[in-house]
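> Quick check, what structure comes out for this input:
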Amino acid sequence: MQPGLVVTIDHWSLFVESNSAPLLNYLAEYFAGLAEFHHTPPLGVPSITAIEIEQATELDAIYHLPFSDWQREPGKTGRKEAVYDFTNDTGQPQRLVHKIKTGLVLWQSAQRLACLGALNQHPNQVINFILSQYLNHWQNQDWLLGHCAALQLNDQRGIAIAGVSGGGKSTLMLKLLEDAQAFISNDRILIQANQQQVMMRGIPKQPRINPGTIIHNPKLHRLIDDHQPYLALAEAELRALEEKYDAPVCQLYKGVNYQPSARLDQLYLLNWQVNSTEPTRIARVNLAQRPELLAGVMKSAGVFYQHRDQTFQTNGQTPDPLAYQTLLAQTSVFEITGKLDFNLAKEAIMNNTLNI
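Numbers count the residues shown, from 1 in each chain. All right, here's what the predicted structure looks like:
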């Protein structure tokens, strides 16, 4: 094994060891400022073993285990993950997760964390597995998982943006980052009440954005060598593209750094529509009166979540809406409706306009 990499996020650490130096170097660059090489794991720090396996046939014995498809969230289709649960010789729960499209196998347990497969071809799945351990750590301290982007503006307001996948969370966040102080998270936050205020934690996962977001924001143009061909595509064609690009926000936005946590002052729920002709509006809402909006915020703990008692998240298990409703009653929540207008939404949020 090569010297390992210690990834540290807000006083939480994980040691990553691998037989692939290129993978470790990629992770070190991705987690720049949050990672450093060590020959051995620091005392008390858990480890992930990442084994690069070039020939998928070497995993055939694992692939032939009786995996069960993991139920996807509403609106998502196609097979993504399958799981195989078992116990080790001492009766401790273990879970293997087979990533269907990439062939990677991820081993989750309290005793062993491992990634197996063509990891250098799919480093984002290794990154996601690392960050899932951070999310598990805080969920086991009673933080709720939210499907949100988040940042802190220059006036010290902590802002979260929620909505269904493809609803524009990342695009609006990237607009706001032009005048922001800190990037907190792109797609996942953890929330908890603390001394009569709501706090949020994020993860240092770079936004993965589509060409439509890039070509409409000059600051992002350098992410695509030649963005001209995309300009000829209709909006519907752009949205249909399955291409994704990492947006390293701390490099793209001068003066913006990753910040692991902040106070959650305002939550914006994107309920606007691509084909709407109605004016874009932002209005304060009471989630006790509009509980259907919680669906855009709630996020299942996911396939890698392991409870404090070491049992795993069960297939199809959904979050408790009342827990989110109770917690978010302590902060300001707004709904954005009408047609998509990122510039208008940015202006309203920056100016702290309650109704437009």
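> and this protein, what are its domains?
Using automatic domain parsing, the domain parsing of the chain gives 4-139, 144-207+247-350.
> Could you dump those into TSV with mean neighbour count and distance to Lys219 added?
C-beta: built from backbone N, CA, C; applies to glycine. Putting those into TSV (neighbours: other C-beta atoms under 10 Å; distance: least, C-beta to C-beta, whole Å) gives the following:
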stretch	mean neighbour count	distance to Lys219
domain 4-139	16	20
domain 144-207+247-350	18	6
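> Out of those, which is closest to Glu237?
domain 144-207+247-350 (12.9 Å; C-beta to C-beta).
> Just the endpoints, please. Distance across the closest one?
The straight-line separation of the ends of domain 144-207+247-350 (C-alpha to C-alpha, to the nearest Å) is 27 Å.
> and what of stretch 304-313?
With C-alpha to C-alpha as the measure, stretch 304-313 spans 7 Å from end to end.
> Report the mean per-residue pLDDT for that stretch.
Stretch 304-313 comes out with an average pLDDT of 96.
> Give me the contacts around the helix or strand harbouring Asn136.
For Asn136, the host element (DSSP states H and E) is helix 123-139. Defining contact as C-beta atoms under 8 Å, 6 or more residues apart in numbering, one finds that helix 123-139 is touched by 7, 9, 12, 14, 16, 23, 26-27, 30, 46, 48, 50, 99, 102, 104, 106, 113, 115, 119, 145, 188, 190, 201, 203-205, 208, 301-302, 304-306.
> Stretch 147-154 too?
For stretch 147-154, the external contacting residues (C-beta under 8 Å, 6+ apart) are 158-163, 169-170, 172-173, 176-177, 179-189, 200, 202, 207, 259, 262, 264, 267, 296-299, 349-350.
> Show me those that map onto strands.
158-162, 180-185, 189, 200, 202, 262, 267 (DSSP state E).
> Contact partners for Ala193?
Residues counted as contacts of Ala193 (C-beta under 8 Å, 6+ apart) are Met199, Leu327, Gln330.
> May I have the phi/psi pair for the nearest residue to Leu220 once chain neighbours are set aside?
Nearest non-adjacent residue to Leu220, counting by C-beta to C-beta, 6 or more residues apart in numbering: Ile214, 4.4 Å away. Torsion angles at Ile214 (phi, psi; degrees, to the nearest 10) stand at phi -70, psi -50.
> Between which two of the ones in strands among the contacts of stretch 147-154 is the distance greatest?
Ala162 and Gln181 (20.6 Å).
> Now do the buried residues in the lowest-mean-pLDDT helix or strand in the chain.
Least confident helix or strand, the chain: helix 235-240 with a mean of 72, by mean pLDDT, DSSP states H and E. Neighbour counts over helix 235-240 (16 or more other C-beta atoms under 10 Å) mark Leu238 as buried.
> Name the residues that touch the helix or strand following that helix?
Next along the chain after helix 235-240, taking DSSP H and E as the criterion, comes strand 245-246. With C-beta under 8 Å, 6+ apart as the contact definition, strand 245-246 has outside contacts at Gln206, Pro207, Arg208, Ile209, Asn210, Pro211, Ile214, Leu223, Ile224.
> what's the most distant pair in the residues you listed?
Among these, Gln206 and Pro211 lie farthest apart (C-beta to C-beta), at 16.2 Å.
> where does the protein have low pLDDT?
Applying pLDDT under 70 to the chain flags the ranges 1, 353-356.
> where along the chain do the helices fall?
Ranges of helices within the chain are 21-30, 60-63, 123-139, 169-176, 211-215, 228-231, 235-240, 249-252, 321-328, 342-350, based on DSSP state H.
> which one of those helices lies closest to Gln94?
Closest approach to Gln94 among those is made by helix 60-63 (12.3 Å; C-beta to C-beta).
> Who are the packing partners of the closest one?
Under the contact definition 3 or more C-beta pairs under 8 Å, 6 or more residues apart in numbering; DSSP states H and E, helix 60-63 sits against strand 93-99.
> Do I have it right that Gly158 meets Asp265?
Yes. Applying C-beta atoms under 8 Å as the test, Gly158 and Asp265 come out as touching, 4.9 Å apart.
> quick one on the thing from earlier: mind giving me TSV with the helices of the chain and columns for distance to Leu151?
Formatted as TSV, these follow (distance: least, C-beta to C-beta, whole Å):
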stretch	distance to Leu151
helix 21-30	19
helix 60-63	40
helix 123-139	18
helix 169-176	6
helix 211-215	16
helix 228-231	26
helix 235-240	24
helix 249-252	9
helix 321-328	18
helix 342-350	10
